[in-house]
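Asks: give me a model of this one.
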Amino acid sequence: QVQLVESGGGLVQAGGSLRLSCAASGSDFSIMTWGWHRQAPGKQRDLVASITSGGRTNYVDSVKGRFTISRDNAKNTVYLYMNNLKPEDTAVYYCAADVSERTTGWTLRTWWGQGTQVTVSS
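Replies: Residues are numbered from 1 along each chain as shown. Here you go, the predicted model:
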């Protein structure tokens, strides 16, 4: 079983910056793709950014040029650097990892973090 623990959310003024972290723990696993998703009140959860095992990144248009996703494979950790934050970025942010584990015959499964609140005031 893999656990994802997020940190780094909080309250920030518009134009400010935050860094989110998500660390995976467990045994005998390999993370293929990491993703950051967000869910605002009354809205569906949407993908914000992703990064593959090869380092290829993808961003939703609304955060391009402002957010950067990166990963540290040695630490099984993914980061989301958020700059020039806007009130519309306010949401609960969730990390997700596509993981293959020995205990499941290296079958791919998606694990989710518990979510961290990001609030941007105007």
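
Asks: okay, and the beta partners of residue 72?
Replies: In this structure, residue 72 has the following beta-bridge partners (DSSP bridges): residue 77.

Asks: distance of it relative to residue 100?
Replies: Residue 72 sits 19 Å away from residue 100, going by Cβ to Cβ, to the nearest Å. (C-beta placed from N, C-alpha, C; glycine too.)

Asks: who's more crowded, the two?
Replies: Shown here are residue 72 and residue 100; by other Cβ atoms under 10 Å, residue 100 has more neighbours (16 against 11).

Asks: so how far is residue 33 from that one?
Replies: In terms of Cβ to Cβ, residue 100 sits 11 Å off from residue 33.

Asks: and if you look at residue 122?
Replies: Counting by Cβ to Cβ, the separation of residue 122 from residue 33 is 34 Å.

Asks: so between these two, which is more surrounded?
Replies: Looking at residue 122 and residue 33 with other Cβ under 10 Å, you find the greater number of neighbours at residue 33, namely 19 against 9.

Asks: can you tell me the SS state at the closest residue in space to the more buried one that isn't next to it in sequence?
Replies: Beyond its immediate neighbours in the sequence, the residue positioned closest to residue 33 (Cβ to Cβ, 6 or more residues apart in numbering) is residue 98, lying 4.5 Å away. Here residue 98 is strand, with the state taken from DSSP: H, G, I helix; E, B strand; the rest coil.

Asks: run a quick neighbour tally on residue 98.
Replies: Neighbours around residue 98, by other Cβ under 10 Å: 17.

Asks: tell me the contacts of it?
Replies: The contact partners of residue 98, taken as Cβ atoms under 8 Å, 6 or more residues apart in numbering, are 31-35, 108-110.
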